Structures are given as structure tokens and as C-alpha cells.
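Enquirer: Mind looking at a prediction? Sequence and model below.
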Amino acid sequence: MTTAYITHSDCLLHHMFVGHPECPDRLVAIEDRLKARQVWDFLEHIEAEDAVEQQLLLAHSQQHLDSLAACAPAAGEPPHQIDPDTFMNEHTLKAALKSAGAGTMAVDLIMQQKIDNAFCAVRPPGHHAERDKAMGFCFFNNIAVAAAYALDQYALERVAIIDFDVHHGNGTENIFLHDSRVMICSSYEHPMYPYSGCASIAGHIINSRLDSGSTGADFRQAVEQQWLPELAAFKPQFIFISAGFDAHQEDEMAQLKLNDDDYLWVSQQIKTIADKYAEGRIVSMLEGGYALNGLATSSEQHIRVLMGID
């Protein structure tokens, strides 16, 4: 089994401000862990390419693309503030294009049977970016662009997006709210930024709220009772994962209590569904995860499952 690890050095150049949790060290921590655990050399390493406008427009408006281009600072200019926690420096737009491009590239490689699945170690993350709005550390919705591209380019009829980030993926829901070809299964702490995510509001959107302090057992129960039966009935032809690891018990950004074994378990459940219905097709894209050790160890477990060496 061939698992691609798709990233780009541009993703290390996007900085918001000193001390910001969404920092380049996140990618370094994952890479260091995979090397230390003798996993790195067994991955297919691929350099991400830019997403092109036609691909981005599958999930975003032209106005959104034009607005980000206009906000991007030139070399030597100070960062531009998008919201209280989200800034663009002179490298951000390049990094965001590579992050979105990693997903579409992974789709092509999988559909052309050059790889089996992929983990995209990219930043900035994406699942908060709405069709017309950047927010919450996110500029382009990487997972939405990849899923929309798979539907458009390869005439797929059903894809699933599974989002286990601790924050609700409001942007992904915004983009696919009225597109029943896309099933979204999302777990998140509630109440928590961005204070969205109703009960399941459409037949294809499965929102699983978790109270502050919820444990791995609570998370597993939600997955088993709310996600797995719906995914089996939906029979996705491709699975996309918004892989946020900020529900980890070490992460101080939230109050959930997941551990490495929980990320191993949910990855196994997803892979079982993918193997049964989607010919094993999985694109996983990094979202949150800000406790560097917890991010690194849980990412390793997730990637091992993709590789078939869990």
C-alpha cells in the first residue's frame, strides 16, 4: 500500500504573530515524530503544487479569491489582519495555494492509481473558510476544494467528509449545505468557536456535538451510533478527512479528552468504510492540533492506519 505525504516548504513560511498556536512548528513536530518512529522513509514524499483558480472556484466565489489576493501583503509589508486571530503575511497566499493544491493533487494521484491514499501535511488549515469568507486561521477550504474537485473532475456521485477537529467545520458545512452528493460527519466540542453546528440539519450533514470534558468513550459512541450507520447507507466513493488533532487531552485550546488510541480507532473505522465502499480512496488533510507532542503522536497513529501498519 502506498501512502503519499504531501507538503511544501511554503507552508513553513506562513506566520501570523509570535506565540500564535497555528505555527510552522506544527509541521516540524509531525515530521520529527515520523522520522523518530521509522515511518518517514516508508511514505511516498510529494511536493504540493498550487491550486489553480478553476479548482478554487469549485468551493469559493470569485469575490473571495479577489479579496484574498488584494489583502496579501507585498514583500516587506506588515501582516494584514483578517479577524482577531487570523493574519496574512507576505507568504500566506503562497502557502494557502499550496495547501489547497495538495488536496487536488492527492485526488488526481489516487484516481490515477498512482497512490492508494494521502496525508496532506499542510498549513494554513481550511475547514473554517466559507465560500465567501476567510476566518479562524483558514483562507481556502482545502478539504472542500478537494472534495468538489473529485466530484467535478471524476464524475463521482457520492463523497464523504469526516471532520474530527475539536471545532465545528462551519466552512465545509457552508459550502456543501445544499449538495447532497457530499455527506459531512463532524464531531466538535460545544459550545466552542465558531459557535455553529446545529443538530444534523440536512440528511447529508451529521453533526455530533460533544460537551466540554467529553472522553474518548463519548467520542467513540457518537461515531458508532451517528456516523457509521449513515456512512454505510451512503456508500461514499471517496472519503476526505479534516484531520484536526486538537481534541487531544494535551491540547489546551479545548476541553475534550481524546488520546492517541482514540485517533487510532477512528482512523481504523474510516479506513474500513473506505475499503468497503470507496476502493480505499482517502485524502486526509491536516486541520487543527496545537499541543505539539499530542499533535505528533496522534498524527503518527493516523498515518500508520493509512499506511496499513497500525
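Expert: Happy to help now that I have it. Since we're looking at a predicted model, the values are computed, not measured.
Enquirer: Name the nearest residue to the residue nearest in space to the middle of the chain, sequence neighbours excluded.
Expert: Centroid check for the chain by C-alpha atoms, centre = their mean gives residue 242 as the closest residue, at 2.8 Å. Closest residue to residue 242 apart from its sequence neighbours, by C-beta to C-beta, 6 or more residues apart in numbering: residue 163 at 3.7 Å. Any C-beta I mention is one placed from the backbone N, CA and C, and that applies to glycine too.
Enquirer: Pretty sure that neighbour sits against residue 187.
Expert: Yes: counting by C-beta atoms under 8 Å, residue 163 does reach residue 187; the two are 7.3 Å apart.
Enquirer: which of the two has more neighbours?
Expert: residue 187 (30 against 24; other C-beta atoms under 10 Å).
Enquirer: now that one: how far from residue 229?
Expert: Separation of residue 187 from residue 229 (C-beta to C-beta, to the nearest Å): 15 Å.
Enquirer: For residue 73, grab phi and psi.
Expert: When read as degrees, to the nearest 10, the backbone of residue 73 gives phi -70, psi 150.
Enquirer: Show the contacting residues for it.
Expert: Counting by C-beta atoms under 8 Å, 6 or more residues apart in numbering, residue 73 makes contact with 79-80, 88-90.
Enquirer: Which two among those are spaced furthest apart?
Expert: Using C-beta to C-beta, the two most remote members of those are 80 and 90, lying 9.6 Å apart.
Enquirer: so what's in contact with these two at the same time?
Expert: 72-73.
Enquirer: Output the contacting helices and strands for the lengthiest helix in the chain.
Expert: Across the chain, the longest stretch assigned as helix under DSSP state H is helix 92-111. On a contact count with 3 or more C-beta pairs under 8 Å, 6 or more residues apart in numbering; DSSP states H and E, helix 92-111 meets strand 3-7, helix 53-56, helix 62-71, strand 117-120, helix 142-154, strand 282-286.
Enquirer: Just the buried subset of the contacts of residue 73, written out for ChimeraX, thanks.
Expert: To isolate the buried members of the contacts of residue 73 in ChimeraX, using 16 or more other C-beta atoms under 10 Å:
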select :80,88,89,90
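Enquirer: So which of the contacts of residue 73 are in strands?
Expert: 80, 88 (DSSP state E).
Enquirer: Which of the contacts of residue 73 lies at the shortest distance from residue 35?
Expert: Among those, and counting by C-beta to C-beta, the member closest to residue 35 is residue 89, at 27.7 Å.
Enquirer: Roughly how far does the closest one sit from residue 258?
Expert: 32 Å.
Enquirer: And for residue 180?
Expert: Distance from residue 180 to residue 258, by C-beta to C-beta: 30 Å.
Enquirer: quick one: which of these two has more around it?
Expert: residue 258 (30 against 13).
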